[in-house]
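*Asks:* what shape does this take:
(one chain, ligands or ions: 2)
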Amino acid sequence: MTPPTALTIAGSDSGGGAGIQADLRTFFAHGVHGLVALTAVTVQNSLGVQGFTEIPADVVAAQIKAVASDMGVDAAKTGMLATAEIIRAVAKTLDEVGGDIPLVVDPVAASMTGHALLREDALEAIRTELFPRATLITPNLDEVRLLTGISVTSPASQREAAEALLAFGSRWVLVKGGHMEGSTCVDLLTDGDAVISLSGPRYDTENTHGGGDTMASAITASLAKGASVPDAVAAGKKFIERCVAESYPLGAGVGPVSPFWVLTD
Ligand SMILES: Nc1ncnc2c1ncn2[C@@H]1O[C@H](COP(=O)(O)OP(=O)(O)OP(=O)(O)O)[C@@H](O)[C@H]1O
Ligand SMILES: Cc1ncc(CO)c(N)n1
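*Replies:* Numbers count the residues shown, from 1 in each chain. Ligands and ions are numbered 1, 2, ... in the order given. Model prediction:
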């Protein structure tokens, strides 16, 4: 039987733990066929990002059109978009191929080691071009600070930030709390009416490379299967928790989260 399809519009991680590699293995783990529009090639390992080169914006647009026109896209997500030009091309192309495709925008600005994955003017383009088209945006706390100026340190400031982000026009906002202090990891999901707090244990591991990408692509896979946003996010939270719990060391730096448990569960 033909499985649902999910499109990732994102960069390649040569280390295999983040970017399109994380997205494709997460789609596979959900029984969803992954489609790819590659935006950039990063030179990256467990120690960080050594550099990247972007794909021409018209080639990014052509990849989206090629798969959407022939195979169909049940849900899409964006990760590393690299430049404002690529962001504008992605927004325009998504409008052309079907504005009603559920879209998860993970506003990737930097790797977890702090290396920029976005040229300087591009975060503003994500905010103005993609957020209004998004079903859900999934910023981490660094991205929240860059986008709103709010430093999230408490449940109250997490909620304040979520409301400020909603004003940029996405249907739903998920403020991820992976970088907050404490023995639990609390993510906050809201559409302005519903406010849903998703809390889980914080696992004691350094190996969280690809965690944000894996969570956003798990949510996208559930949306591709027809789940509602709250159900897709709740399932994504369970999925990423297990992937963090089973993460493994690889290289001298930060190892990746792992979806391999689905093969033996
Ligand atoms: N140590 C941990 N234990 C359990 N869950 C975690 C841990 N770290 C992060 N998470 C969860 O993983 C998901 C991703 O969160 P996080 O805030 O780390 O995203 P991110 O910063 O975008 O990821 P990345 O590390 O890939 O940049 C969230 O649901 C968060 O609660
Ligand atoms: C290609 C790529 N996309 C996203 C991230 C963020 O995890 C990364 N490190 N590399």
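
*Asks:* helices or strands next to whichever helix in the chain runs longest in the packing?
*Replies:* Longest helix in the chain by number of residues, with DSSP state H as the criterion: helix 229-245. Contact analysis of helix 229-245 by 3 or more C-beta pairs under 8 Å, 6 or more residues apart in numbering; DSSP states H and E lists strand 172-175, strand 184-190, strand 195-201, helix 211-224 as its packing neighbours. Every C-beta, even on glycine, is put in place using the N, C-alpha and C of the backbone.

*Asks:* buried residues, stretch 91-107. List them.
*Replies:* Ala91, Thr93, Leu94, Val97, Ile101, Pro102, Leu103, Val104, Val105, Asp106, Pro107 (16 or more other C-beta atoms under 10 Å).

*Asks:* go on, stretch 66-81?
*Replies:* For stretch 66-81, by 16+ other C-beta under 10 Å, it's Val67, Ala68, Val73, Asp74, Ala75, Ala76, Lys77, Thr78, Gly79, Met80, Leu81.

*Asks:* now stretch 58-65
*Replies:* For stretch 58-65, the neighbour count (16+ other C-beta under 10 Å) marks Val60, Ala61, Gln63, Ile64 as buried.

*Asks:* chain center to it, what's the gap?
*Replies:* 20 Å (C-alpha atoms, centre = their mean, to the nearest Å).

*Asks:* that older thread, dump the buried residues of stretch 91-107 to a markdown table, plus distance to Ala227, secondary structure and pLDDT.
*Replies:* A markdown table is the format used below for those (distance: C-beta to C-beta, whole Å; DSSP: H, G, I helix; E, B strand; the rest coil; pLDDT from 0 to 100):
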| residue | distance to Ala227 | secondary structure | pLDDT |
| --- | --- | --- | --- |
| Ala91 | 25 | helix | 98 |
| Thr93 | 25 | helix | 98 |
| Leu94 | 20 | helix | 97 |
| Val97 | 22 | helix | 95 |
| Ile101 | 15 | coil | 97 |
| Pro102 | 9 | coil | 98 |
| Leu103 | 15 | strand | 98 |
| Val104 | 12 | strand | 98 |
| Val105 | 18 | strand | 98 |
| Asp106 | 18 | coil | 98 |
| Pro107 | 22 | coil | 96 |
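
*Asks:* reformat these as JSON lines; add distance to Asp213.
*Replies:* Formatted as JSON lines, those follow (distance: C-beta to C-beta, whole Å):
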{"residue": "Ala91", "distance to Asp213": "20"}
{"residue": "Thr93", "distance to Asp213": "21"}
{"residue": "Leu94", "distance to Asp213": "19"}
{"residue": "Val97", "distance to Asp213": "23"}
{"residue": "Ile101", "distance to Asp213": "19"}
{"residue": "Pro102", "distance to Asp213": "17"}
{"residue": "Leu103", "distance to Asp213": "15"}
{"residue": "Val104", "distance to Asp213": "11"}
{"residue": "Val105", "distance to Asp213": "12"}
{"residue": "Asp106", "distance to Asp213": "7"}
{"residue": "Pro107", "distance to Asp213": "12"}
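
*Asks:* I'd like the next helix or strand past the strand or helix carrying Lys65.
*Replies:* Per DSSP states H and E: Lys65 is located in helix 57-70. Using DSSP H and E, the helix or strand that follows helix 57-70 in sequence is strand 75-78.
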